[in-house]
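Student: model the following, please.
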Amino acid sequence: MTEDLAIEFIKSNGSEPEKARLQYLLYGTKPTSYAIAALAEGQQVDGGWSAHWSAGYSSLDATCYCLAQAEQMGLDKTDSIILRGVEFLKSRQRSDGSWEEDPRVGHLAPVWARPGDLSSRLYLTANCGWWVAYFEPGAEEALKASQYLQLHLYPDGRLPSFLHTHWLATALWQVNNHTAAAEPAMRYLSHRLNDLSASNLAWMCLTLLLSGLSKDHPLIEEAVTRIRNQQCADGRWESEDGPDFDVHTTLEAMRVIRLCS
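Tutor: Have a look, this model is predicted:
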């Protein structure tokens with residue numbers, strides 16, 4: 001990894017929260033009040049964040065994304081921004097342990113967040129469940145989500161959902177000590193690495209490392225090798241979501257490589 005180029009790319013193109021993430025990654029420096037305010041600006045009264053497709057509506061998916069950014073800035077469950085976000089997620093969990101966006105925004109939601117669709121429900125359940133578990137270890141809501149996801153796990157480690165769902169669910173199973181579900185899911189992911197972009201490889205590795213998976217695990221080792229090989233000449237890693245997310249991907253790729261060095 002050419003870290004100096006990656007750092008310059010982030011400094012030149014990053015938002016205030018992204019620059020705060022860089023400072024925390026490099027030096028362990030907690031974010032300034034200005035950086036926190038920039039992230040909190042989009043937080044709604046109920047504690048959730050709206051997505052680009054959901055103005056005025058608190059999206060589960062957007063809230064998980066913002067909680068991930070907050071974690072990468074060095075914030076934890078003692079910070080109001082995270083406490084309110086986690087409480088929002090918990091308040092939106094369904095009685096069966098799953099999460100789903102409100103049907104009233106179904107015509108606006110992207111495919112991965114579409115209410116009434118099983119693949120979307122599993123993805124949101126894994127994402128929300130993971131962040132609740134991360135910030136509140138042992139939370140009942142996270143355990144219920146873990147159990148719900150296991151009901152849909154095939155013997156070969158597949159879930160009837162997007163690939164993203166698999167590493168989020170695996171991380172959730174890991175922290176809940178549900179190894180009988182986590183292990184086949186990781187074997188399945190190891191066979192799908194060719195299908196993952198740099199942004200997804202970094203997302204997967206970071207999630208699994210945060211869940212406690214060893215950096216020496218074969219899945220992590222192979223994925224990190226692929227991440228290293230996909231750095232662009234200008235220092236960035238490309239996001240499959242477009243150039244606006246290249247800084248986010250570059251930050252995650254740098255963190256994964258540092259954690260595994």
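
Student: so what does the helix or strand of the chain with the lowest mean pLDDT touch, helix or strand wise?
Tutor: Using mean pLDDT, DSSP states H and E, helix 33-40 stands out as the lowest-scoring helix or strand of the chain, at a mean of 92. Secondary-structure packing of helix 33-40 (3 or more CB pairs under 8 Å, 6 or more residues apart in numbering; DSSP states H and E): helix 16-27, helix 60-72, helix 80-91. Bear in mind the C-beta positions are built from the backbone N, C-alpha and C, glycine included.

Student: relative to residue 171, which of those helices is closest?
Tutor: Nearest to residue 171, of all those, is helix 60-72, at 11.8 Å by CB to CB.

Student: so what's the model's average confidence on the closest one?
Tutor: In this model, helix 60-72 has an average pLDDT of 97.

Student: what helices or strands is it leaning on?
Tutor: Using 3+ CB pairs under 8 Å, 6+ apart, helix 60-72 sits against helix 16-27, helix 33-40, helix 80-91, helix 118-135, helix 246-259.

Student: who's in contact with that helix?
Tutor: 17-18, 21, 24-25, 39, 42-43, 47-51, 54, 79, 81-82, 85-86, 88-89, 92, 99-101, 112-113, 124, 127-128, 130-131, 134-135, 210, 248, 251-252, 255 (CB atoms under 8 Å, 6 or more residues apart in numbering).

Student: drop anything exposed from those.
Tutor: Among these, those classed as buried by 16 or more other CB atoms under 10 Å are 17-18, 21, 24-25, 39, 43, 47-51, 54, 79, 81-82, 85-86, 88-89, 92, 99-101, 112-113, 124, 127-128, 130-131, 134-135, 210, 248, 251-252, 255.

Student: low-confidence regions, the stretch 101-250 of the chain specifically.
Tutor: Along the stretch 101-250 of the chain, no part satisfies pLDDT under 70.

Student: circling back: out of the helices and strands packed on helix 33-40, which one sits most buried?
Tutor: helix 60-72 (a mean of 22; mean count of other CB atoms under 10 Å).

Student: quick check: angle from that helix to helix 246-259?
Tutor: Angle of helix 60-72 versus helix 246-259, following axes from the mean of the first three to the mean of the last three CA atoms, to 10 degrees, is 50 degrees.

Student: nearest to residue 202 among the helices and strands packed on helix 33-40 would be which one?
Tutor: Of all the helices and strands packed on helix 33-40, helix 60-72 comes closest under CB to CB, at 11.5 Å.

Student: so how far is that closest one off the chain centroid?
Tutor: Its chain's average C-alpha position is 7 Å from that of helix 60-72, according to CA atoms, centre = their mean, to the nearest Å.

Student: appreciated, that's everything.
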